[in-house]
Each structure stands twice: as structure tokens, then as C-alpha cells.
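In: sharing a model prediction with you, sequence too.
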Amino acid sequence: MKRIALLLIAVAIIADVIVALAQTSTRPTAEVASLSAVERASLSAKDVRGATPYIEIANEPAPKLIVDEPLPDLLDKGVVWIQWRAENVHIVPVFGKGALNASPRVGHLHVHVDDLPWLWADASDINTIDLAGMPPGPHKVLIELVNANHEVFPGQSRTVTFTIPKSAPGSHGH
């Protein structure tokens with residue numbers, strides 16, 4: 001009985017997350033804002049907000065990860081900001097085999113720094129990876145777009161390389 005109750009709670013949580021995600025725009029806000037009033041008026045709710053969560057999306061396009069070069073603003077302080085975006089996948093803290101069949105598709109990022117033996121999962125969808133206290137010298141960050149079961153979507157890994165200047169402090173808190 002406890003298993004059934006836990007399963008029902010998990011399903012309800014997943015459904016709530018998917019409904020909340022469906023309420024967010026699938027078009028970047030800047031893109032919609034750049035349209036003329038006439039063009040905006042001609043957009044359907046689906047054009048702006050994406051598909052309804054009540055109907056499975058048949059033949060979803062493949063997920064895509066886009067990663068920018070680090071912002072140069074704070075590299076001299078040992079702080080690295082790497083902006084990213086994902087297409088055709090909602091970044092959410094939903095994990096496990098049961099979520100693999102969710103539609104619209106869900107996933108998250110895995111972030112590896114300098115070939116260290118550990119990584120972290122980022123399911124925040126904040127769009128910027130924030131690293132602080134990076135020591136001077138060359139570094140690389142591997143960013144992977146993964147499904148709910150932590151498997152990399154084919155071809156959706158990006159490596160960003162950068163150098164922290166020798167003048168940067170060895171450690172920095174913010």
C-alpha cells in the first residue's frame with residue numbers, strides 16, 4: 001500500500017512539473033518582444049508557450065544543447081560564467097527511468113570540471129553555470145545534456161576551455 005501511495009505521489013509531482021513547464025514560453029522572450037504588434041497578435045498560444053502537457057508530442061525533435069564561451073567579465077577574479085540553453089527538452093529536477101517517457105521530454109545537465117572524477121547535476125534551468133574560486137591557468141568544462149536517467153542525449157556534449165589570468169586570486173567567494 002505504501003508503494004502505491006509513493007508511486008501516486010511521484011506521478012503527481014511529475015505531472016505538476018510538466019504542467020508548470022508547459023506554462024513557460026518556448027520562444028525566447030526577446031524574440032517575441034522583437035516582433036511587431038501585428039506579428040505578436042498572430043501568434044497562437046502554442047507558438048509562444050509550447051504544446052499542451054495533456055497531449056503527448058509525437059516525433060519530438062531531437063534535444064539540442066547550445067553553449068556560449070565564458071563571459072570575460074570576472075575571469076580575472078577566478079569567476080567563470082558560462083551561458084547555455086537547451087532546445088526540445090525541459091530542464092527540471094525529475095529523475096529516473098519512469099520519467100524517460102515523459103512528453104514533453106525532460107532532462108538536466110551534467111557539468112564536469114578539469115577531468116576531476118566527480119560532476120554535478122544541474123536541473124535549475126537558470127541558463128548560466130557559475131564557477132568561483134578557479135585557480136589561475138587553463139581549464140575546461142564539459143557540459144552534457146542528459147535525460148532523466150542520466151544518459152547523454154546523442155551528440156549533446158560541449159567542452160568550453162578558458163584561462164584564468166595569473167593575476168587572479170587563488171580563491172574567491174561571492
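Out: Received, thanks.

In: what's the weakest-modelled helix or strand in this protein?
Out: Among the helices and strands of the chain, helix 2-22 carries the lowest confidence by mean pLDDT, DSSP states H and E, at a mean of 43.

In: please name the bridge partners of the closest residue to Asp73 other than its chain neighbours.
Out: Take Asp73 and drop its neighbours on the chain: the residue closest to it by Cβ to Cβ, 6 or more residues apart in numbering is Trp81, 7.2 Å away. Backbone N, C-alpha and C define where each C-beta goes, glycine included. Counting by DSSP bridges, Trp81 is bridged to Asp130.

In: in this structure, which strand is the longest?
Out: strand 152-164 (DSSP state E).

In: same for that one, what does it pack against?
Out: strand 64-67, strand 80-87, strand 137-147 (3 or more Cβ pairs under 8 Å, 6 or more residues apart in numbering; DSSP states H and E).

In: what about 6 Å?
Out: strand 64-67, strand 137-147 (3 or more Cβ pairs under 6 Å, 6 or more residues apart in numbering; DSSP states H and E).

In: so how far is the last one from its chain's centroid?
Out: Pointing back at strand 137-147 there. Put simply, strand 137-147 sits 13 Å off its chain's centre (Cα atoms, centre = their mean, to the nearest Å).

In: ditto for the first one
Out: For strand 64-67, the distance between its averaged C-alpha position and the chain's averaged C-alpha position is 9 Å (Cα atoms, centre = their mean).

In: find me the pLDDT at the residue nearest to Val160 when sequence neighbours are not counted, would you?
Out: In this structure, Val160 finds its nearest non-sequential neighbour in Val141, 4.9 Å apart by Cβ to Cβ, 6+ apart. pLDDT for Val141: 98.

In: for Val141, grab the count of nearby residues.
Out: 20 (other Cβ atoms under 10 Å).

In: hang on, it packs against Thr161?
Out: No. Applying Cβ atoms under 6 Å, one finds Val141 not in contact with Thr161, separated by 8.0 Å.

In: nearest residue to Ala148 in space, please, no chain neighbours.
Out: Ala99 (3.6 Å).

In: for that neighbour, give me the pLDDT.
Out: On pLDDT, Ala99 comes in at 89.

In: confirm that it sits in a helix.
Out: Yes. Counting by DSSP: H, G, I helix; E, B strand; the rest coil, Ala99 is located in a helix.

In: that one reaches Val146, doesn't it?
Out: No. Assessed by Cβ under 6 Å, Ala99 is found out of contact with Val146, at 11.7 Å.

In: tally of neighbours for Val67?
Out: Number of residues near Val67 (other Cβ under 10 Å) recorded here: 20.
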